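Visitor: I'll drop the sequence and a predicted model, then ask my questions.
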Amino acid sequence: MEGFRTAVRLSFAFWGGTFNPIIVADREGEAESLVDLFRLDMVYPITDSEEIQFFVKQFPYLIRPFFPDHLFLPDGWGGARSHVLDIHNALAHHSRQRTLEELKQGGVHLHTWEPDDPLSDVFLMHFGGYPNSDEVKIDYRKILKEATSASEIWVKAGQTLPANILEFATSRSISRLGLERHYDVRAGWDYPGFFYGDAGNFDDLVCYWNLRASDIPLLFVDPDHLARYSELLPRWGRAMQEMASRRLHKFDQQVAVWTRTEESNTREGLAEILALFNGHASTICRVSEASLNGFNVRPPMMCWSEVSTLGVMGSASGHPRVSFALDEKPFCGDNWFHTQHLVASVNLIGGLYGDYQHTFSPPFLPELNEFYARTMHFEYNKLRSESERLGLIVDAADESSFITAMPVADLFEHVFELAGFSSKLSAGGLIARQLITQLGGVDGARVFKVPGVRQLLKTYGPTTPFTKKGALTIIGSKGTDSTFKDHENLYIEPRPHDTKLDPAAVFTYLVEKGLFRIGAELTCPNCRMASWTPLDVLKQRVACELCGKEFDATRQLVNGEWHYRRSGVLGAEKNAQGAIPVVMTLQQFDINLGLDKGIYSPSLNLRPKDRPDLPVCEVDFVWMIPRRYPDRTVVMIGECKDSGMDTINSEDIDHLRQVADALPEKRFETFVVLAKLCPFTTEEIELARTLNDPYRQRAILLTARELEPYHLYDRTKLEFNYIREHAMSPQDLAATSARIYFPPTIWHKTGSY
């Protein structure tokens, strides 16, 4: 109980401290849930006991940013400075605003009560209190009283609590002064009302504190002392009903009784509890460990204000960096408060257009806090991973800061380390990455939707020259599932809106992007063998690359025609076209996943680090989508096959399953993508089915039917009447794949099964 009281008093000393959860370390499951639920920046031990120190060490990624590592720093004159933004700063800031004057006019009360009052701990949480000034060397009660001319209020033991006792500003009010919910975290259960519990029960007190730390307005009511609430309870009930009535949805317009008592487990017990509140509450919220799993109670992100500021782009060690001012501070930024720390929660918009190899928006993975900090900032302990944001720990006097863009390759390396793998780009991944670069980004891969382009690459190897006429014939030819006419409305680059795409425009685009080089095929009069010479080095007199003799090629150039040959990445190896289904799949995700667009990497070689049960394998691509809390980060790992290549076998499926299962389920929602440029065989479909289970659909199957159209299911919907052309999320893709390939029956447009 003394540890609990110490934690409460410390929290009231800090500005925003009322939103600190109190964690009981020896309740392992609940404690870990609270760390995740409140998205903590650090865990601070109240005592030095072995059990608490062991608990804190379970979260090495929640690095305390203080030096020395204490909440209060001696100032050398017998006093101290806080390491965390405190109420002294709040009062200094609001002394320059109208807020403090309004508080004075409304009245500020400092309450005192008998130490042995049965409701003393309830009063401590409702009215607030401060650490002993002899211990922390700061007299917060004196600071508050002098700044606000607060009145001292004595609460007698057994006294009926006045109806207006909570209508004056208190230490609790000062601690949350100016703080409001941010929209970034969706609300969970937050019905205002009452907490029904035992004022002498440690578990009830901690539960109540953590519910209030979740910004749920509640009055602690002990049924054994109900008479003392006779005036306060109706007043509070009416205030809560008025608050609830202003909510948008009717189901939210309820006043609740929150309780963890066993009486609430029966219908009769629920009725008895509600009866105690004389119609001021209409529902009961039963609190248990399961209530703190992120699906019921969900603490919001509390902030003072939101400011837009213009960043300045630069670079550091070859990586993009943005610097920005920390202006319009909603707190006191005087140098006197330079020891006090807070979080600047930063969301960067823009700055990396066209650069897919860096990101300013890594996923919410607190376990990677130190890696994020070392990569994106400077000090290893001054940056935190947040939902859709980055949390920079700054001191109150800081005027500016910066963030360096994270290399995507490094991010994937550390993500797979969480799964027990070391990873690096494979040879195929290097080819795919360079291909994407040459095309100006992954969306440039839409040119491969034209089946004739893919056929052109298969027809002519890396060293085989061909003419433009031959290329146009192949590009305009019919594919397995489509013809060139099906792609006449495809835009691979800007063109007048009333014109159609033609094979000549496609071929010109491919040459301009450097996938093919222009040259001439010349026959040496000495060795009588033909060789290809690129335009960049072509002269009227050339040396034969086969025999070395120089000859005059003028007549051949005048009477001949240009010949083309694969270049760059497509000329690197014979099977370079294996990268084509990879980049086509990435391009479809880039276009079709809408606001869920993510971060991707082409093929990676994975090798287990300390887990011999994991396989050595390759994944053809990884697509990662950062999601807003409480949704987990989505990871899609893929196996891609070109038409005519090997089929997907049981080993491929088993490796993909093991990789997907190895990623921590607490942080990741995984999907497995199987993409082929030809139909799946019956055996492949049955293997893919094993990736799903009765409660999870994670297999996504795509063929040329889905990869060639602009929208994934433009063609598929013509075959199946229950398929929509749009898919906006991986969950949509998995559900649609299950409808097509795994249902017991399939309903066709013909109306037959």
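Guide: Yep, that arrived. Residues are numbered from 1 along each chain as shown.
Visitor: where's the closest residue in space to Pro45 that isn't next to it in sequence, which helix or strand?
Guide: The shortest distance from Pro45 to any non-neighbouring residue, by C-beta to C-beta, 6 or more residues apart in numbering, is to Ile52 (4.5 Å). No exception for glycine: its C-beta is placed from N, CA and C like everyone else's. Secondary structure assignment for Ile52, by DSSP states H and E: helix 50-56.
Visitor: what comes into contact with that helix?
Guide: If you take C-beta atoms under 8 Å, 6 or more residues apart in numbering as the criterion, helix 50-56 is touched by 23, 25-26, 31, 43, 45-46.
Visitor: buried subset of those residues?
Guide: Neighbour counting by 16 or more other C-beta atoms under 10 Å classes 23, 25, 31, 43, 46 among the contacts of helix 50-56 as buried.
Visitor: farthest pair in those?
Guide: Ala31 and Ile46 (13.3 Å; C-beta to C-beta).
Visitor: shaky segments in this protein?
Guide: For the chain, applying pLDDT under 70 flags the ranges 264, 568, 571-577, 595-596, 744-753.
Visitor: just the helices in the stretch 151-300 of the chain please.
Guide: 171-175, 202-213, 232-245, 267-275 (DSSP state H, counting those that start in this stretch).
Visitor: For these, give me CSV that also has distance to Gly560.
Guide: Below are the helices of the stretch 151-300 of the chain laid out as CSV (distance: least, C-beta to C-beta, whole Å):
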stretch, distance to Gly560
helix 171-175, 85
helix 202-213, 81
helix 232-245, 85
helix 267-275, 92
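Visitor: Can you redo those as JSON lines, where the extra columns are distance to Asp395 and mean neighbour count?
Guide: Below are those laid out as JSON lines (distance: least, C-beta to C-beta, whole Å; neighbours: other C-beta atoms under 10 Å):
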{"stretch": "helix 171-175", "distance to Asp395": "20", "mean neighbour count": "22"}
{"stretch": "helix 202-213", "distance to Asp395": "24", "mean neighbour count": "21"}
{"stretch": "helix 232-245", "distance to Asp395": "36", "mean neighbour count": "17"}
{"stretch": "helix 267-275", "distance to Asp395": "47", "mean neighbour count": "13"}
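Visitor: who wins for proximity to Ala432 among the ones you listed?
Guide: Short answer: helix 202-213, nearest of these by C-beta to C-beta, at 47.5 Å.
Visitor: helices or strands next to that closest one in the packing?
Guide: Under the contact definition 3 or more C-beta pairs under 8 Å, 6 or more residues apart in numbering; DSSP states H and E, helix 202-213 sits against helix 2-13, helix 120-127, strand 193-196, strand 218-221.
Visitor: This protein - how does it break down into domains?
Guide: In the domain annotation for the chain, the residue ranges read 179-304, 313-404, 442-571, 576-741 (automatic domain parsing).
Visitor: Check the ones you listed for me and report the most buried one.
Guide: Burial of the domains of the chain is given as mean neighbour count (mean count of other C-beta atoms under 10 Å); domain 576-741 ranks first at a mean of 19.
Visitor: rewinding a little: and the helices of the stretch 151-300 of the chain: which comes nearest Ile492?
Guide: Per C-beta to C-beta, nearest to Ile492 of these: helix 202-213, 54.4 Å.
Visitor: Just want the angle from the closest one to helix 120-127.
Guide: 0 degrees (axes from the mean of the first three to the mean of the last three C-alpha atoms, to 10 degrees).
Visitor: Restrict helix 202-213 to CA atoms and write it as PDB.
Guide: Taking C-alpha atoms only, helix 202-213 is exported to PDB below (Å, rounded to 0.1, in the frame of the first residue of the first chain):
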ATOM      1  CA  PHE A 202      -5.400  -2.900  -2.900                       C
ATOM      2  CA  ASP A 203      -6.600  -4.500  -6.100                       C
ATOM      3  CA  ASP A 204      -9.700  -2.200  -6.300                       C
ATOM      4  CA  LEU A 205      -7.600   0.900  -5.800                       C
ATOM      5  CA  VAL A 206      -5.100   0.000  -8.500                       C
ATOM      6  CA  CYS A 207      -7.900  -1.000 -10.900                       C
ATOM      7  CA  TYR A 208      -9.600   2.300 -10.300                       C
ATOM      8  CA  TRP A 209      -6.400   4.300 -10.800                       C
ATOM      9  CA  ASN A 210      -5.700   2.600 -14.100                       C
ATOM     10  CA  LEU A 211      -9.200   3.200 -15.300                       C
ATOM     11  CA  ARG A 212      -8.800   6.900 -14.500                       C
ATOM     12  CA  ALA A 213      -5.400   6.800 -16.200                       C
END
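Visitor: chain center to that helix: distance?
Guide: How far helix 202-213 lies from its chain's middle: 29 Å, per C-alpha atoms, centre = their mean, to the nearest Å.
Visitor: Not counting its own residues, what contacts that helix?
Guide: Outside helix 202-213, the residues touching it (C-beta under 8 Å, 6+ apart) are 1, 4, 8, 18-22, 24, 34, 38, 121-122, 125, 195, 197-199, 218, 220, 258, 260, 287, 292, 297, 299.
Visitor: switch to 7 Å and redo it
Guide: With contacts defined as C-beta atoms under 7 Å, 6 or more residues apart in numbering, helix 202-213 is touched by 1, 4, 8, 18-22, 24, 34, 121, 125, 195, 197-198, 218, 220, 258, 260, 287, 297, 299.
Visitor: so it versus helix 2-13, what angle?
Guide: Using the same axes, to 10 degrees: helix 202-213 against helix 2-13 is 20 degrees.
Visitor: helices or strands up against the helix or strand following the helix holding Ile52?
Guide: Counting by DSSP H and E, the element after helix 50-56 in chain order, helix or strand, is strand 72-74. When contacts are defined as 3 or more C-beta pairs under 7 Å, 6 or more residues apart in numbering; DSSP states H and E, strand 72-74 packs onto strand 80-82.
Visitor: tilt between the next helix or strand after the strand it packs on and helix 2-13?
Guide: With elements assigned by DSSP H and E, the helix or strand that comes after strand 80-82 is helix 87-94. Counting by the same axes, to 10 degrees, helix 87-94 points 20 degrees away from the direction of helix 2-13.
Visitor: The helix or strand following helix 87-94 packs against which elements?
Guide: Remark: after helix 87-94, the chain's next helix or strand is helix 98-106, criterion DSSP H and E. Secondary-structure packing of helix 98-106 (3+ C-beta pairs under 7 Å, 6+ apart): helix 140-148.
Visitor: Give me the buried positions along the helix it packs on.
Guide: So for helix 140-148, counting by 16+ other C-beta under 10 Å, buried means 140-141, 143-144, 147-148.
Visitor: With stretch 151-170 instead?
Guide: For stretch 151-170, the neighbour count (16+ other C-beta under 10 Å) marks 153, 155, 161, 165-166, 168-170 as buried.
Visitor: Any idea how far apart the tips of that stretch sit?
Guide: End-to-end distance for stretch 151-170, by C-alpha to C-alpha, to the nearest Å: 10 Å.
Visitor: ditto for stretch 468-486
Guide: With C-alpha to C-alpha as the measure, stretch 468-486 spans 22 Å from end to end.
Visitor: what's it in contact with?
Guide: So stretch 468-486 is contacted by 450-453, 455-456, 459, 503-504, 506-507, 562, 564, 643, 678, 704-705, 708 (C-beta under 7 Å, 6+ apart).
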